[in-house]
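Novice: My questions concern the predicted model and sequence given below.
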Amino acid sequence: MLIRVATPEDLGRIDALLSASYPRLLRPDYPPSVLVMALPLISRANPALVSSGTYYVAEEAGAILGAGGWTPRRGGQAEVRHLVTDWRHQRQGLGRAILSHALEAARDVGMTTAHAAATRTAVPFYAAMGFTRLADIVVPLAPGIGFPAVSMRRAL
């Protein structure tokens, strides 16, 4: 498996990964009424994020099996962004490898803490990666549409 910086050419394959995986991964932790509104908005890759140089893909045999990255914020904080693994390859270390790579890159440029707005589904994963739960939050996706999440943080 190769973890590399994502490029704009990866956008379509990342979209496909998000739209195939998020519905399956999130279903156990969110009611249909939330998913019907949120999935069309969160299952698309952000072109600016993908081309930022701080977003990565895990690739094997030409297939993108995972993606995720970070964005710098004020105060030396790295915001973890749009982390996903292929639903068929869960619990194989892909998410851990991508997040570890992203956190190391953030630390290398001087970030001192990492923040994640974790899905309910991902809270155990982030906790295993050293993140502490701060609070339940609602992430605004569009006017009148919010997505329940959990604010989590860890030192880098």
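Specialist: Arrived safely.

Novice: Which residue lies nearest the spatial centre of the protein?
Specialist: Centroid-nearest residue in the chain: Leu83, 1.8 Å away (criterion: CA atoms, centre = their mean).

Novice: Tell me how many other residues crowd the nearest residue to Val109 once chain neighbours are set aside.
Specialist: Excluding the flanking residues, the one nearest Val109 by CB to CB, 6 or more residues apart in numbering is Pro72, at 7.5 Å. Where C-beta positions appear, they are placed from N, C-alpha and C, glycine not excepted. When counting by other CB atoms under 10 Å, one arrives at 15 neighbours for Pro72.

Novice: got it, and His101?
Specialist: Number of residues near His101 (other CB under 10 Å) recorded here: 18.

Novice: quick revisit: what's near enough to touch the residue nearest to the centre of the chain?
Specialist: Listed by CB atoms under 8 Å, 6 or more residues apart in numbering, the contact partners of Leu83 are Gly66, Ala67, Gly68, Gly69, Gly95, Ile98, Leu99, Ala102, Ala116, Ala122.

Novice: ok, 10 Å please
Specialist: Going by CB atoms under 10 Å, 6 or more residues apart in numbering, Leu83 touches 55-56, 66-70, 94-95, 98-99, 102, 116, 118-119, 122, 125-126.

Novice: residues touching Gly68, list them.
Specialist: Contacts of Gly68 by CB under 10 Å, 6+ apart are 3, 6, 14, 49, 55-58, 80-85, 94-95, 97-99, 101-102, 116.

Novice: wait, doesn't Thr132 sit right on Ala118?
Specialist: No - Thr132 lies out of contact with Ala118 (CB atoms under 10 Å); the separation is 11.1 Å.
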